[in-house]
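>>> A predicted structure for the sequence below; I have some questions about it.
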Amino acid sequence: MSGLKLDTIFAKLAAIAVFATACGMALPAAAQHKANADDMEVPTNDMKVVETGQAWFARRCSFCHGSGGHGAKGPCLSCGVFKYTGNTNSSIYITIATGVPKNLGGTMGAFGTTMNQDEILSVITYLRWEEKRRIDAGEIPDPYKNKNEDAMVFPTQK
């Protein structure tokens, strides 16, 4: 292929990426995380987003949920099972944005007024990246294994 033809292809792909981003659509990429086909996708392969999420997590979440989301006075958030919501990125987003009130057994305040959408999504991306790292290292059992490759959307509480 000539350089001109490749330049045209790359220009068209860039235009599609800009349009999709402006419309809020996630572009497919390897190593992304979705709990199921209807879930929103988070870019666990984008280390810039993961690092941003890690910084936000350290600043806003680690006091209760421990370093790396491994759990402290609040539940583990990198274990593949979420105590108060379904195990979807969408449900986790809602929990971070709206909190978990005492009448539902939680004490987490809403962060949706102090963190914007991208900041919350980066935290979710970091948690999913850390979850995968822990599964790969054998630190936690794989919650997707033997579940027909689907996430445990509504985990049981103990």
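Received the coordinates, thanks. Numbers count the residues shown, from 1 in each chain.
>>> so the closest residue to residue 43 other than its chain neighbours is in which element?
Spatial nearest neighbour of residue 43, chain neighbours left out: residue 49 (5.2 Å); criterion: C-beta to C-beta, 6 or more residues apart in numbering. C-beta here means a position set from N, CA and C on the backbone, and glycine is covered the same way. Take DSSP states H and E as the rule and residue 49 turns out to sit in helix 47-60.
>>> what average pLDDT does that helix get?
Helix 47-60 shows a mean pLDDT of 97.
>>> give the buried residues for the next helix or strand after that helix.
Using DSSP H and E, the helix or strand that follows helix 47-60 in sequence is helix 62-65. The neighbour-count check on helix 62-65 (16 or more other C-beta atoms under 10 Å) flags 62, 65 as buried.
>>> how distant is helix 62-65 from the center of its chain?
17 Å (C-alpha atoms, centre = their mean, to the nearest Å).
>>> same check on stretch 115-126?
Put simply, stretch 115-126 sits 8 Å off its chain's centre (C-alpha atoms, centre = their mean).
>>> and the residue nearest to residue 68 when sequence neighbours are not counted, how far from residue 81?
Sequence neighbours aside, residue 130 is the residue nearest to residue 68 in space, at 5.5 Å (criterion: C-beta to C-beta, 6+ apart). Residue 130 is 14 Å from residue 81, where distance means C-beta to C-beta, to the nearest Å.
>>> can I assume residue 68 is in contact with residue 76?
No. Using C-beta atoms under 8 Å, residue 68 is not in contact with residue 76, being 9.3 Å away.
>>> in the chain, which spans are helices?
With DSSP state H as the criterion, the chain has helices at 3-22, 47-60, 62-65, 89-98, 117-136.
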